[in-house]
Every structure is written in structure tokens, then in C-alpha cells.
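>>> Predicted model and sequence follow; I will ask about them next.
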Amino acid sequence: MKVYVTDEKELIMEPSIKWAGNPNVLVAVKAFGLKATVQVVDLQVFAAPRITLKPLVPSFPCFAQINVSLMDKPYVDFGLKLIGADLMSIPGLYRFVQELIKDQVANMYLWPKTLEVPIMDPAKAFNRPVGILHLTENNLPSHKTRVKLKNLNPEWNEEFNIVVKDPQSQALELLVYDWEKVGKHEKMGMNVVPLKDLPKDEPKFLTVDLLKNMDLNDAQNEKQRGQLEVELTYKPFKEEDMQKGFEETLTVQKAPEGTPPGGGLLVIVVHEAQDLEGKHHCNPSARLIFRGEEKRTKPLKKSRDPRWAEDFQFMCEEPPINDKLHVEVVSISSRMGLLHPKESLGYVQISLSDVVSNKRINQKYHLIDSKNGQIQIELQWRTAE
């Protein structure tokens, strides 16, 4: 058997099928007002089909349709008996029947003609689209929309604020993924919008085609992948405006006395979380791990939208430029003897290099392994200078 691997969501197999047997098959033949019963004996079938399972989906049976084609004319051999006599011994009849069967089957299923057998509606399988927004030349985390279930025409209507450093060189990447709870998310399409094309202080409505990638010469981009409608507004501001009205201001308190020279104080404020979901219970607590040290917020019982507003401090002898903060929301059952006493509600890994350079970041992060869960965390890097 040959198995082909492609970049599409499909599995292609080319088995070699050989079958021989002596079945007891009776065929009723009617011609010119006469009826006769013919027995089929010594049946042999040799065929080389191409079987394509596509598209591959995350739901059982893991494919939505079976396509079957023949790569060559099949070989079919059998005998016919009428009242005990071998009809295939009649001169010329054997070859005529052989060629007739080959031609009829080939006309229907010889490649590129296919027999299509639908198994399930693919729209019911690919039904978890999520949008990702990422600004190029920016190390800050991407923004993620909510996951829309059972919908291939999602309407998010969500708003995001992103700081732009250089509108002449930066671009906004728009990506749509098929969200998977287990395993890798499958990219459904993408496109890029250069910020230099946006007018100042005026909303611009765009309808962009979703592409496989941004290589215009790639033949895969000819496939229709849907469209994305977005509204973009570029609002330029001056540096002094950041301290007056923008949330991510650079003004932070100084580190306390006794801070190691060249080091600083990392302050983490866990504000709140939203849209948490637990399979068995939802008593959320935020767990922080930094350089092997672990700290936790207090647990809040039966809350999908907890508000902790707790801050934690880590004294550092050197800036955490290459470190990451691990934040996980966990739920612990208050009932004894429960089969699932503890479960994770999602997590996020936050790179700390940006907070060292920006001094302060206050942002919502979408939780990995959570449908729509978000957590708002404020990071501050305080130095003695």
C-alpha cells in the first residue's frame, strides 16, 4: 500500500486489492420476454484504487468524506453457468464480457473521476474558529478573540488596543485558527495589513481574503479559505500623552532600599480572570512560578469571573531579561473524596523582557487550554534609579 502525505487535511492511500473466491451468486436475466437464472462462479477481482479520506477532522471517525478512484482498469474474471453449461466457453463471449465490464467501470471511476461517499458534515467538525492579532516587530503577546463553537461564520465584535511604535514599518497580522482543546491548533487562514495604509483618526473597514501564507506565488493560496472583516483605527499620540491617559505608562515606584545594585523588584499584580470553565468544579486560584519560586492567590469558590487584586513581589539581583513567568489558574474542590479534586483551568507563559524595558505592562492574557478564559496581570519592574 502506498500512503501519500500532503499539506492539505487529507490522507491518500493506494492499496493493491486482489480477491478470488467461488461465490454462490445467482443472477436473474430477462431478455426478449424470456427469463433465465445464471450462476456466477470462480470470481476474481484485481484493482488498484486510490482512496482519499478528506477533510480530516478532530471528531470521530476523523474524516468527513471518502473519495474512491481507480488508477487503472480493473481485472474481473468469472464464469457463468446456465443449466450446468459454461456460457464463457461460447467463442468471443468471454472477451466481450471482460472488455464491457472494464469499460463500464472505468467510465465511472477511472481517475480523475471519483466516487464520493459523504460521511459527515465538515461544518459540524470544524466549528471552533478563533482570531489572533499580532503586531510585527513587537515582542508583546498576541491578542486572541473568544472561541466560537459550531460556527463557520463567526461574529466576534471584539475590540483590542495595541501600541504602535513605527506605523511605517509595522503591520498587523490577522490569523484564524481552528481551536483544539488537545493538540496543535490548525491554521485556517491569515493576512497582513500594513499600518502605513491606515488613515489617522479615521476608522477603516476592510474585507481581506484568508490565505494559506503570504507567499503570493504559492499555489495553495488559490484555494478559497473565506474572508475576514475588520475595522481598524490608527490613533497617533505623543509621548506625554502616555502618562496622561494611556494605561501602560512608564511611571512606576522606585525599588525599596537594600535592592541589589544592578537588580530590581519585580511586582506582579493579579487583578482578575474571566470566562473560566471547569469540568468538575470552578474554585479558581492563580498560581505564579518565577525562577522556581511559587506563590498563589487565595481561592474563590464557585466563580467563573474571579477578582483577586493581589500583588506579589520578587527581589532580583539582575533584570529578568531572559526569564518567563508561568501563571496557571487551578481549581481545587472543597469536597472530600471527589474523583477529580484538582484541575487546571488554563495557563500562560509571559516573557519578562518587555517589562524590563517598558517598566510597566498591564494586560489581559488568553489562557492556553481554555476556550475563552482570560486573566489580567499587571507587571512592574522597579529599580533604585
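Yep, it's here.
>>> could you point out which element follows the longest helix along the chain?
For the chain, the helix with the greatest residue count under DSSP state H is helix 93-109. Using DSSP states H and E, the helix or strand that follows helix 93-109 in sequence is strand 115-118.
>>> still on that earlier bit, can you pull the buried residues of the longest helix of the chain?
Buried residues in helix 93-109, counted by 16 or more other CB atoms under 10 Å: 94, 97, 101, 102, 109. Just so you know, the C-beta spots here come from the backbone N, C-alpha and C atoms, and that holds for glycine as well.
>>> What of stretch 132-149?
132, 133, 134, 135, 141, 143, 144, 145, 146, 147, 148.
>>> And those residues, which is the shakiest by pLDDT?
Lowest pLDDT among these: residue 141, with 68.
>>> Okay, helices next: where are they in the protein?
Going by DSSP H, the chain shows helices at 93-109, 239-245, 353-358.
>>> Which elements pack onto the shortest one?
It stands for helix 353-358. With contacts taken as 3 or more CB pairs under 8 Å, 6 or more residues apart in numbering; DSSP states H and E, helix 353-358 sits against strand 374-382.
>>> If we use 10 Å, what do you get?
Packing contacts for helix 353-358, counted by 3 or more CB pairs under 10 Å, 6 or more residues apart in numbering; DSSP states H and E, involve strand 264-274, strand 360-366, strand 374-382.
>>> can you check the first one too?
Using 3+ CB pairs under 10 Å, 6+ apart, the elements in contact with helix 93-109 are strand 63-70, strand 75-82.
>>> Mean pLDDT lowest where, among the ones you listed?
Taking the mean pLDDT of the helices and strands packed on helix 93-109, strand 75-82 comes last: a mean of 78.
>>> In that strand, which residues are buried?
Buried, per 16+ other CB under 10 Å, within strand 75-82: 78, 79, 80.
>>> Between all of the buried residues of helix 93-109, which two are at the greatest distance?
Across the buried residues of helix 93-109, no pair lies farther apart than 94 and 109, at 23.2 Å, counting by CB to CB.
>>> quick one on the thing from earlier: looking at the helices of the chain, spot the one closest to residue 15.
Across the helices of the chain, closest to residue 15 is helix 93-109 (CB to CB), at 14.9 Å.
>>> how long is stretch 369-376 from one end to the other?
The first and final residues of stretch 369-376 sit 17 Å from each other (CA to CA, to the nearest Å).
>>> Give me the mean pLDDT for it.
89.
>>> would you turn the buried residues of helix 93-109 into JSON lines with distance to residue 128?
Formatted as JSON lines, the buried residues of helix 93-109 follow (distance: CB to CB, whole Å):
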{"residue": "94", "distance to residue 128": "57"}
{"residue": "97", "distance to residue 128": "53"}
{"residue": "101", "distance to residue 128": "47"}
{"residue": "102", "distance to residue 128": "46"}
{"residue": "109", "distance to residue 128": "35"}
